[in-house]
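In: Pasting the sequence and the predicted coordinates here, then a few questions.
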Amino acid sequence: MSTRRAVITGIGVVAPSGIGSEAHWKTVCGGESRIGPITLFDATSYETTLAGEVPDFDVNRYVERRLQVQTDRWTHLAYAATELALGEAELDPSTVEPYKLSVALASSSGGNQFGQRELQRLWQPDTSRTVGAYQSIAWFYAATVGQLAIRHQAKGPSSVLVSEGAGGLDSLAHAARLVRRGADVVLAGGTEAPLGPYALACQQRSGRLYTGTDPGSAYLPFDERADGYVPGEGGAVFVVEDLEHALARGARIRAEIAGWAATQDAVAATRTATGSVRQYARALGTAIERAGLAPSDVDVAFPDAVGVPGYDRTEAEALRAVFGPDGPAAVTTQKPLTGRLYQGGSALDAATAVLAMDYGLIPPSAGPARPADGCDLPFVREEQSAEVRNALIGARGFDGFNSAVLLRAHS
Amino acid sequence: MTAFPATDGRRVVVTGIGVVAPGGTTRETFWDLITSGRTATRRISAFDASAFRSQIAAEADFDGAAAGLTPLELRRADRYVQFALAASQEAVLDAGLELDERTRDATGVVLGSAVGGTIVLEDEFVVASDSGRNWLVDPDVTSPFLYQGLIPSSLAADVAVRHGAHGPAVVVSTGCTSGIDAIGHAYQLLLDGEAEVMITGASDSPISPVTVASFDAIKATTPDNDDPEHASRPFDRDRHGFVLGEGCAVLVLEELEHARRRGARVYCEVVGYANRGNAFHMTGLRPDGLEMSEAINDTLRQARFNPEDVRYISAHGSGTRQNDRHETGAFKRSLGHAAYGVPISSIKSMVGHSLGAIGAIEMAACALAVERGVVPPTANWQNRDPECDLDYTPNTAREVRVNAALSVGSGFGGFQSAMLFAKLGRGR
């Protein structure tokens, strides 16, 4: 087996916490919530009226007009995140051998807003039964990866992975696999744009969304008042690179994707299901083990923090099963500030972990103010100076997907 | 240094096959169909297609209850998920796989789908939007399982539940190469020691108004509605586009020693997988087939095969003007003279093009071709196209000792994938 190592050299954040990793970092360190009433469409008739939206997103800055009409907002957000990541990495993709440049993003609901417009056109009474020419290339789950591969002349092995919220981590793991198999550069991570009228209706059917109206208590993972999550849009894209390739061009190396693992609960989804402690713990523990580390080497853990009480308890128990009764050295989550961005959210947590390494600082956890029974982990209450050498990120996907990635600081 | 288990020398074999296809909703009925040269294309019966440009499809006469699905599965699973539940059951039984607590943890599920829950999404949209009248839809009138329709990860989750598979699970959705890419992903997880057994394949049930309209809009599907049985004509001079299909195939992939220890029957070995992007156009293809050829070359390198070792090519062969020319170019570029001596065929002539699923269905056909020494034909081939001048195995199956079978796929987004199966002992 090859020993090529995969490192992160650029991060592009496009999320409710801001555009660009600096803006994101400022928001998470300040603990500023970006949850508010949905403005992308009139959601007042919905049970869920709150969400995290990307502030001041100017699509014209990132996507030429000709392409805007061929693509969904989900793709636009990914274009922006990719451009920012390449900028941070100071990498001009045209300098990479095309067959060694890959795009491997996660996807969940695809181009759902584009799809809804076309479904409406198709089904409206008294119109012809047609859709536009771009429906076939904008709605499907691979649309963003296909467009990015064309834009950046990436001819290497590409992939589109779907495991709902776990997808961002599965994508990073796959980027590392692609590097081991010979890719020099992989664009990984993912964005999500779930705030269309039909897509939101679909999400409400999961029964996991917060249905109240108070932004301050809308998404409280691990808290005794936890009552579901708030959806959000955006995510993060990474430039993942072969270590030698990065060194050769003098790139700043931010972190290594050192370990990863995925498991499945394989239990039928029901309203009373809470996930499997054993399977989630196995994913977390295996990611650490594959990095050649012990749980005590982990400086901070970024949990899934879904905000559904039973699943929060399961996550706390899984962390204790891996780290012992006191849990990891530090636990922090910023999801309550942005909402749950599905695959974009687990990618965003990985971005926050890399920034924590950069700055030598663990950002404060956005709650819980009053941990629920069984959820009392060592949450970081105030931003904490610390050398972050190893960070564990956990994520779960509807339904039963458990993934973990161990990021190691590069020394 | 990462401490993954030592993985050099691991080999991966196919030990089980399950198929739900048009004209044959089990492995053996599918094989009978594709070796007979009969076609399963017909006028669309799933809905009234008379308003559309293309009105034909290859539909699967699938009965979930007869296939052994539970009442709960029948209630909550979309059609494409039901296909996968049935096909995975057939594959696991075929493999004689009995999962215990320990092997469950090392058994993963990687399934592909190009368009996932399109049918349920469309049907429920029509209800919730009052036939498209309302932009703000009413969720209260929709199916309680609608969220599973929005995100196709439910395909892998539901199959994992059925088999109690706790290993790595994910859906691969790379459009029309999803099937090959999903099996390829599973293959790589096995090579890397991330799992010992993988339940893998792909499923799609795209036959719905919105899919038909989408392909109408770009004239990708055939408008030849008058003679449905002969409408899918890959490599023929008078081909006019593809015929939409649906279906699923699931393979059990297994690390060789794991299979040997339990005395499993081996269909074939997976000896190569590669994918590339053409980085050219979302739907357009250049005639030279350069990037598909790169993918083929990579699989040959992985297997340490020469071009003449390939004894069957399962073509993408969608029957569009540009595709068949594109891949003919790729075969010549990769195999040189040997391209003229190898039987090639497209089973899409018989079972249609089921988007992401077909890649897996074609891999099932390759595994059976290697095992049984029979190459399925290209049905409906009548007239030679000067630009498609290879041996497409017209109309009649052929007995051939298939030491190695290559399959390729090509899809929107520029994805080009290739996979190579070989008789055990012939690879590397």
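Out: Alright, I've got the coordinates.
In: Could you check which residue of chain A lies nearest chain B?
Out: Scanning chain A for the residue nearest chain B gives residue A:146, at 2.5 Å (criterion: C-beta to the nearest C-beta). Every residue, glycine included, has its C-beta placed from N, CA and C.
In: got a list of what that residue touches?
Out: Taking C-beta atoms under 8 Å, 6 or more residues apart in numbering or on different chains, we find residue A:146 in contact with A:137, B:175, B:277, B:282, B:412, B:413, B:414, B:415.
In: can you give me how far whichever strand or helix holds it is from the chain middle?
Out: Per DSSP states H and E, residue A:146 falls inside helix A:143-151. A distance of 19 Å separates the centroid of the chain from that of helix A:143-151, by C-alpha atoms, centre = their mean, to the nearest Å.
In: Quick one: end-to-end length of stretch B:189-208, please.
Out: Length of stretch B:189-208, first residue to last, C-alpha to C-alpha, to the nearest Å: 34 Å.
In: Could you pull up the mean pLDDT of it?
Out: Computed over stretch B:189-208, the mean pLDDT rounds to 98.
In: Likewise for stretch B:12-19?
Out: For stretch B:12-19, mean pLDDT rounds to 98.
In: buried sites along it?
Out: Neighbour counts using 16 or more other C-beta atoms under 10 Å in any protein chain shown place B:12, B:13, B:14, B:15, B:16, B:17, B:18, B:19 of stretch B:12-19 among the buried residues.
In: Parallel or antiparallel, which strands does the host helix or strand of the second one pair with?
Out: Meaning residue B:13. Using DSSP H and E, the element containing residue B:13 is strand B:12-20. Note on strand B:12-20: by DSSP bridges, its sheet partners are strand B:247-255 (antiparallel), strand B:268-277 (antiparallel).
In: Following element in sequence after that strand, please.
Out: Per DSSP H and E, the first helix or strand lying C-terminal to strand B:12-20 is helix B:27-36.
In: Report the mean confidence score over that following helix.
Out: On average, helix B:27-36 scores 98.
In: Give me the helices and strands touching it, please.
Out: strand B:12-20, helix B:348-351, helix B:356-372 (3 or more C-beta pairs under 8 Å, 6 or more residues apart in numbering or on different chains; DSSP states H and E).
In: who touches that helix?
Out: Residues from elsewhere that reach helix B:27-36 (C-beta under 8 Å, 6+ apart): B:17-19, B:21, B:23-24, B:40, B:90, B:94, B:347, B:350-351, B:361, B:364-365, B:368, B:372, B:374, B:376-377, B:397.
In: and the angle from that helix to helix B:356-372?
Out: 80 degrees (axes from the mean of the first three to the mean of the last three C-alpha atoms, to 10 degrees).
In: In helix B:27-36, which residues are buried?
Out: Buried residues in helix B:27-36, counting neighbours by 16+ other C-beta under 10 Å, are found at B:27, B:30, B:31, B:33, B:34, B:35, B:36.
In: List buried residues within the contacts of helix B:27-36.
Out: By 16+ other C-beta under 10 Å, the contacts of helix B:27-36 give B:17-19, B:21, B:23-24, B:40, B:90, B:94, B:347, B:350-351, B:361, B:364-365, B:368, B:374, B:376-377, B:397 as buried.
In: what's the neighbour count on residue B:214?
Out: Per other C-beta atoms under 10 Å in any protein chain shown, the neighbour tally for residue B:214 reads 29.
In: wait, it sits on residue A:140?
Out: No - shown here, residue B:214 and residue A:140 do not form a contact pair, counting by C-beta atoms under 8 Å, at 9.1 Å.
In: just the helices in the chain please.
Out: You didn't pick a chain, so chain A it is. For chain A, the helices defined by DSSP state H occupy A:21-30, A:65-68, A:73-89, A:112-123, A:135-138, A:143-151, A:167-180, A:197-204, A:243-248, A:277-290, A:309-323, A:335-338, A:343-359.
In: um, chain B though
Out: B:27-36, B:71-76, B:79-95, B:101-105, B:118-128, B:146-150, B:153-163, B:178-191, B:209-217, B:256-261, B:290-303, B:321-335, B:348-351, B:356-372.
In: Including distance to residue A:344, could those go into JSON lines?
Out: Output for the helices of chain B, formatted as JSON lines (distance: least, C-beta to C-beta, whole Å):
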{"stretch": "helix B:27-36", "distance to residue A:344": "39"}
{"stretch": "helix B:71-76", "distance to residue A:344": "27"}
{"stretch": "helix B:79-95", "distance to residue A:344": "25"}
{"stretch": "helix B:101-105", "distance to residue A:344": "29"}
{"stretch": "helix B:118-128", "distance to residue A:344": "21"}
{"stretch": "helix B:146-150", "distance to residue A:344": "15"}
{"stretch": "helix B:153-163", "distance to residue A:344": "15"}
{"stretch": "helix B:178-191", "distance to residue A:344": "21"}
{"stretch": "helix B:209-217", "distance to residue A:344": "26"}
{"stretch": "helix B:256-261", "distance to residue A:344": "36"}
{"stretch": "helix B:290-303", "distance to residue A:344": "29"}
{"stretch": "helix B:321-335", "distance to residue A:344": "34"}
{"stretch": "helix B:348-351", "distance to residue A:344": "36"}
{"stretch": "helix B:356-372", "distance to residue A:344": "23"}
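In: Pick the most buried one from those helices.
Out: Mean neighbour counts were compared across the helices of chain B using mean count of other C-beta atoms under 10 Å in any protein chain shown; the top stretch is helix B:348-351, at a mean of 32.
In: contacts for that one?
Out: By C-beta under 8 Å, 6+ apart, helix B:348-351 touches B:21-23, B:30, B:33-34, B:37-41, B:58, B:232-234, B:242-243, B:245, B:247, B:316-319, B:358, B:361, B:376-381.
In: go with 6 Å
Out: Helix B:348-351 is contacted by residues B:21-22, B:34, B:39-40, B:58, B:232, B:234, B:245, B:317-318, B:378-380 when judged by C-beta atoms under 6 Å, 6 or more residues apart in numbering or on different chains.
In: Which ones among the residues you listed map onto strands?
Out: Among the contacts of helix B:348-351, the members falling in strands are B:58, B:245 (criterion: DSSP state E).
In: tell me which of the contacts of helix B:348-351 is nearest to chain A?
Out: Looking across these and measuring by C-beta to the nearest C-beta, the closest to chain A is residue B:318, at 13.7 Å.
In: nearest residue to the closest one other than its sequence neighbours?
Out: Leaving aside its sequence neighbours, residue B:318 sits nearest to residue B:242 (C-beta to C-beta, 6 or more residues apart in numbering or on different chains; 4.3 Å).
In: and that neighbour, what are its bridge partners?
Out: With DSSP bridges as the rule, residue B:242 is bridged to residue B:221.
In: ok, it - how many residues close by?
Out: 28.
In: Just the pLDDT for it.
Out: So residue B:242 comes in at 98 (pLDDT).
In: dump the residue contacts of it.
Out: Residue B:242 sits in contact with B:221, B:318, B:319, B:320, B:353, where contact means C-beta under 6 Å, 6+ apart.
In: got TSV for those residues, with neighbour count and pLDDT too?
Out: Converted to TSV, the contacts of residue B:242 look like this (neighbours: other C-beta atoms under 10 Å in any protein chain shown; pLDDT from 0 to 100):
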residue	neighbour count	pLDDT
B:221	29	98
B:318	28	98
B:319	28	98
B:320	23	97
B:353	30	98
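In: from those residues, which is closest to chain A?
Out: Of those, the one sitting nearest to chain A (C-beta to the nearest C-beta) turns out to be residue B:221, at 10.4 Å.
In: Residue B:240 is in contact with that closest one, correct?
Out: No - the criterion here is C-beta atoms under 6 Å, and residue B:221 misses it with residue B:240 at 8.9 Å.
In: Give me the nearest residue to residue A:334, chain neighbours excluded.
Out: Using C-beta to C-beta, 6+ apart and skipping residues adjacent in sequence, the residue nearest residue A:334 is residue A:28, 4.4 Å away.
In: And the residue of chain B found nearest chain A, what's its pLDDT?
Out: Using C-beta to the nearest C-beta, the closest approach of chain B to chain A is made by residue B:413 at 2.5 Å. Note on residue B:413: pLDDT of 95.
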